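1. Generate coordinates for the sequence data below:
(one chain, ligands or ions: 1)
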Amino acid sequence: MAFSIQNVNDKKIEKDYEKAMTELDDFFELNWIVNKPRAFLVKDRQTIDKLLGKKTEDWVVGFVNKADVYILDKDNYEKESCHKYSDEEYSKTIKHELTHSFFQVISGFKNKPDWLWEGIAIYLSEQYKTKNKPKKFSEFLDYYEKGGSGVYKEAGFIVKLLVEKFGKERILKLIRALKDVNSKKEFEEKFRRIYGFELNYKNINKV
Ligand SMILES: [Zn+2]
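-> Reported below is the predicted structural model:
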């Protein structure tokens, strides 16, 4: 299968990319200088589906491959997805996808649990600001292996809570620890050791 690519010179995208990289470098303490992620703008849904080898839902507007990010082109954003386009939303989408690139690098290319993988991208891109904060957490733990649109509901808020109540260093430690994690059980064990309590709704809802 073949795809055609060309370099684009888009001032807005360059600016968004640079700003996101600087902020993410600071958060993840990575100082990413060589082999930085490349952003590929994908023209339409059909090409996204071809790249991923499956039919994607209309809310999917970006994904990562290794450390590179693929994002639906802004010119076709509304036509080819269910999202409304705005410059601000698009900047957030770029930062969301680049957060996944940083996650890949510091976790050794592990991207489970899905709630942590998506949650940190939602938190750092501030996409949670346009979502309703759940009164109680009751769903995010369903999303370990499984993905899907449901994960976006609580994931940003649980990561926000973990960062703001327990500090950034612990969540970085948890993500770095994923390198050695090969099951949900092992993840729960790492979490318990880093946070000092068991990860369940009862404990999380009283934090
Ligand atoms: Zn994502």
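
2. near the ion, which residues of the protein show up?
-> E118, A121 (Cβ under 5 Å from the ion). C-betas here are computed from N, CA, C, even on glycine.

3. Let me see the ranges of the strands in the chain.
-> In the chain, the strands defined using DSSP state E lie at 39-42, 62-65, 68-72.

4. For the longest one, C-alpha coordinates in PDB please.
-> Output in PDB follows, covering the C-alpha atoms of strand 68-72 (Å, rounded to 0.1, in the frame of the first residue of the first chain):
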ATOM      1  CA  ASP A  68       5.300  10.000  15.200                       C
ATOM      2  CA  VAL A  69       1.900  11.500  15.200                       C
ATOM      3  CA  TYR A  70      -0.800  11.400  12.600                       C
ATOM      4  CA  ILE A  71      -3.600  14.000  12.700                       C
ATOM      5  CA  LEU A  72      -6.600  14.700  10.500                       C
END
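
5. hmm, back to that, any idea which of the strands of the chain is most buried?
-> Neighbour counts (mean count of other Cβ atoms under 10 Å) averaged over each of the strands of the chain peak at strand 68-72, with a mean of 21.

6. ok, and what's touching that strand?
-> Defining contact as Cβ atoms under 8 Å, 6 or more residues apart in numbering, one finds that strand 68-72 is touched by 37-42, 44-45, 48, 51, 61-64, 80-81, 93-94, 97-98, 100-101.

7. Walk me through the domains of this structure.
-> Residue ranges for the structural domains of the chain, counted by automatic domain parsing, are given in the record as 7-107, 110-207.

8. Tell me where this protein has helices.
-> If you assign secondary structure with DSSP state H, the helices in the chain sit at 11-28, 45-52, 87-107, 114-124, 151-166, 168-177, 184-195, 201-205.

9. In TSV, list the strands of the chain along with mean pLDDT and distance to I158.
-> Formatted as TSV, the strands of the chain follow (pLDDT from 0 to 100; distance: least, Cβ to Cβ, whole Å):
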stretch	mean pLDDT	distance to I158
strand 39-42	98	27
strand 62-65	97	21
strand 68-72	98	23
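
10. Tell me which of those strands approaches D180 most closely.
-> Checking those against D180 by Cβ to Cβ gives strand 62-65 as the closest, at 21.5 Å.

11. Most tightly packed of the helices of the chain?
-> Burial of the helices of the chain is given as mean neighbour count (mean count of other Cβ under 10 Å); helix 114-124 ranks first at a mean of 25.

12. what's the offset of that helix from the middle of its chain?
-> 5 Å (Cα atoms, centre = their mean, to the nearest Å).

13. again with stretch 148-157
-> Using Cα atoms, centre = their mean, the distance between the centre of stretch 148-157 and that of its chain works out at 11 Å.

14. about what we covered before: relative to M1, which of the domains of the chain is closest?
-> Ranking these by their distance to M1 (criterion: Cβ to Cβ) puts domain 7-107 first, at 6.3 Å.
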